[in-house]
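Colleague: predicted model, plus sequence, below.
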There are 2 protein chains.
Amino acid sequence: MGIKQIAELANVSIGTVDRVIHKRPGVSKKTEIKVLKIIKEVGYTKNTTASRLKLASSKKIKIAVLLPKTKDRWNYWKLPKEGITKALLELKELGVLADYFDFSDSNTFKSKSEEIFKLDYNAIITVAFFKEESNNLLSKASKRELPIIFLDTEISLDKNAFFIRQNSEQAGKVAGKLLHGLLGNTANYLIINKRNDQGVHVNNLQRETGFITFIKETKYKGQINSNSFFLDTSFTIPDNLLEWFKSPKPKGIFITNSKSHIVINELKKHQIKNVFIVGFDLNKENIAYLKSGEINFLINQKPELQGYLAVKKIFNRIVKEDNTNLNQNIPIEIIIKENLTTS
Amino acid sequence: MGIKQIAELANVSIGTVDRVIHKRPGVSKKTEIKVLKIIKEVGYTKNTTASRLKLASSKKIKIAVLLPKTKDRWNYWKLPKEGITKALLELKELGVLADYFDFSDSNTFKSKSEEIFKLDYNAIITVAFFKEESNNLLSKASKRELPIIFLDTEISLDKNAFFIRQNSEQAGKVAGKLLHGLLGNTANYLIINKRNDQGVHVNNLQRETGFITFIKETKYKGQINSNSFFLDTSFTIPDNLLEWFKSPKPKGIFITNSKSHIVINELKKHQIKNVFIVGFDLNKENIAYLKSGEINFLINQKPELQGYLAVKKIFNRIVKEDNTNLNQNIPIEIIIKENLTTS
DNA sequence: CTGAAAGCGCTTACAG
DNA sequence: CTGAAAGCGCTTACAG
């Protein structure tokens, strides 16, 4: 049942039906009502494939992707891009494309988002690292009805924003459950956050909160020791912390970020063993330590999936006029040596 | 870059280009070579969306789905169908449809697959429960170049078959790792398989093998006790097994099938506590026990994803002429109370 | 306010 | 062996 049959039933031309469907001006109220009635009666839905066939060349859907600058060889922020690339490949024929922008601090985030606004995009995929700047972006975008999807991290913003991310507090609880399951109520726990000049990333803090919340709800009676370090290659364990490792009690470390391998490198240097470790992210170094048994659990944030879903959801919103919100909770995937897949 | 530009460059009509692309007869060797050369030079790829637009009405892609009969209110075999339905919804506009068939034993499997062969399908999605009958199906299908995807269970078959399933032996290893992590080297383990009149399902056996293999590779020095029961609602724990539960040692149960809740109902009847349990499948009853803490881990086979991927892969093979094999390893998803999502 | 026509990229039946 | 034309369902610029 297509536009043509609707037109026949309504005794109008397909052009008129099209105008009604797209709420374009130039249709008398009377014919509009007549056409809408028939559309409803026959349960017509637009064939979006056919629709995009025409528009794929004339009216591209352009997505601006603004993510942190990737400097390392391996960088977390390449992963959402892989998912975005995959989605674009699937949607290429339907006229969807993306341009990439990057930022390294709040200033460049601001300038790049202004640049994006000058160009003519249909949607933005970015991350909400900077509250004020993200709010600015949101308020500008809402005036143009430009959908924005924030990946990775959720912070509270003024307007209704869309987030595709893992619930970090819940992920912290999962980490707590896993370590507590292995180590029980008497162990000591060490939380290691990553800090930079701006402080500790909100994801790390949310994970820490979740971890502690979970542990507090058990019959736990050990010590939880929280620390934040610059987890670059020059990281060394401070002396007071070396003391911590000397306790004969069962010991667990919760690393709230992707740098488990940096911590483990240090543990090895000091020949510290018998510590259970839960970390995040499947980078090459972490995977090697998971395989060697030095990391017990890794939590996967599925960054590729986040990017992939962002593009797909933008497409569905714009093309299929799917007005459900674009939020998406990413499952907290528990990875051990035995269920690690390299597919 | 489309068929039209290719035609211009080759000084032929678009009809001729189309004939070359689809290897249809009626093209002189000379023009064929000329057209193929240009196609290669410009890196032309068919716009499958446009292609399907025409074919969606005239040349449907018809998939036969042959799965076990669902009798219970909740039934595992409804789940792959949900995934299939989701995929069909996405591909509806492109002219993909499925018909459902069911079987209850090897005889009905055979008769239904014969029925499917009489009708004119482009692909089959089913399960390989019966070796001989599955081999028959495969050999008939290969004559017609009809792709067959087997879900859920992998068995060794004569011809190259396609499987979308979790590696059951590996899943058993994951279960072993999880229980061993909680209980250590001195615990006793109980394996509970589900049996029916035909014996124990191959999935259960593969999982058991994986579990035992894993445990044997650790410094384990407890007892592993393997059992098979009809795990229907009339299940009761036999007396000799009640003895097993009286041991003061740490105890773990590995239920190699979806019936953890049946086992737990019995444990509760006998007021047996302090047993750690790993099971399979996110049915309503299992989820309730996961939430109450009576199940520690559930492994998800993602049956919806299996069905979804099967349809998508069939579509890509037929439409995009993607000739990579259709096998797909489903990740071994570890579910605990804290990462259970109802989305 | 409305319709007829051309076109998106591909497929197919028909004509020569 | 090859081409011209109609059509898949929708969109759009043009004419009236």
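Modeller: Thanks, I have the structure now.

Colleague: which residue ranges make up each domain of chain A?
Modeller: Domain assignment for chain A by automatic domain parsing gives A:3-46, A:60-165+A:303-331, A:168-300.

Colleague: out of those domains, which is closest to DNA strand C?
Modeller: Taking C-beta to the nearest atom of the strand, domain A:3-46 is the member of the domains of chain A nearest to DNA strand C, at 3.0 Å. Placement of C-beta: from N, CA and C, glycine included.

Colleague: check the offset of the closest one from the chain's centre.
Modeller: Distance of domain A:3-46 from the chain centroid (C-alpha atoms, centre = their mean, to the nearest Å) equals 40 Å.

Colleague: could I get the phi/psi values of residue A:335?
Modeller: Residue A:335 adopts backbone torsions of phi -110, psi 130, taken as degrees, to the nearest 10.

Colleague: please give me every residue in contact with the closest residue in space to it that isn't next to it in sequence.
Modeller: Setting aside the residues directly before and after it, residue A:335 is nearest to residue A:298 in space (C-beta to C-beta, 6 or more residues apart in numbering or on different chains), at 4.5 Å. If you count contacts by C-beta atoms under 8 Å, 6 or more residues apart in numbering or on different chains, residue A:298 has them with A:260, A:278, A:279, A:280, A:281, A:282, A:286, A:287, A:290, A:335, A:336.

Colleague: just residue A:78 next, same as before
Modeller: Counting by C-beta under 8 Å, 6+ apart, residue A:78 has contacts residue A:70.

Colleague: contacting residues around the one helix or strand residue A:309 maps to?
Modeller: In this assignment (DSSP states H and E), residue A:309 forms part of helix A:303-319. Helix A:303-319 is contacted from outside by A:48, A:51-52, A:61, A:63, A:76-77, A:79-84, A:86-88, A:91, A:94, A:96, A:98, A:122-123, A:125, A:147, A:149, A:151-152, A:164-165, A:322-323, A:326, A:328, A:330, using C-beta under 8 Å, 6+ apart.

Colleague: is stretch A:40-50 up against chain B anywhere?
Modeller: Yes: counting by C-beta under 8 Å from any C-beta of the partner chain, contacts between stretch A:40-50 and chain B involve A:47, A:48, A:49, A:50.

Colleague: of the residues you listed, which is the most crowded?
Modeller: Neighbour counts for these, by other C-beta atoms under 10 Å in any protein chain shown, peak at residue A:49, which reaches 20 neighbours.

Colleague: look up phi and psi at that residue.
Modeller: phi -60, psi -50.

Colleague: now for the residue nearest to residue A:335, which secondary structure element holds it?
Modeller: strand A:297-300.

Colleague: now do that strand, average pLDDT.
Modeller: Mean per-residue pLDDT for strand A:297-300: 98.

Colleague: okay if I get the domains of chain A as CSV plus distance to DNA strand D?
Modeller: Listed next are the domains of chain A as CSV, based on distance: least, C-beta to the nearest atom of the strand, whole Å:
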stretch, distance to DNA strand D
domain A:3-46, 3
domain A:60-165+A:303-331, 9
domain A:168-300, 39
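
Colleague: for residue B:175, which of the ones you listed is the nearest?
Modeller: Nearest to residue B:175, of all the domains of chain A, is domain A:168-300, at 14.2 Å by C-beta to C-beta.

Colleague: just the endpoints, please. Distance across the closest one?
Modeller: End-to-end distance for domain A:168-300: 11 Å, by C-alpha to C-alpha, to the nearest Å.

Colleague: stretch A:290-302 too?
Modeller: 17 Å.

Colleague: mind listing what's buried in it?
Modeller: A:290, A:294, A:295, A:296, A:297, A:298, A:299, A:300, A:301, A:302 (16 or more other C-beta atoms under 10 Å in any protein chain shown).

Colleague: mind listing what the fifth one touches?
Modeller: Contact partners of residue A:297, counting by C-beta under 8 Å, 6+ apart, are A:175, A:178, A:277, A:278, A:279, A:334, A:335, A:336.
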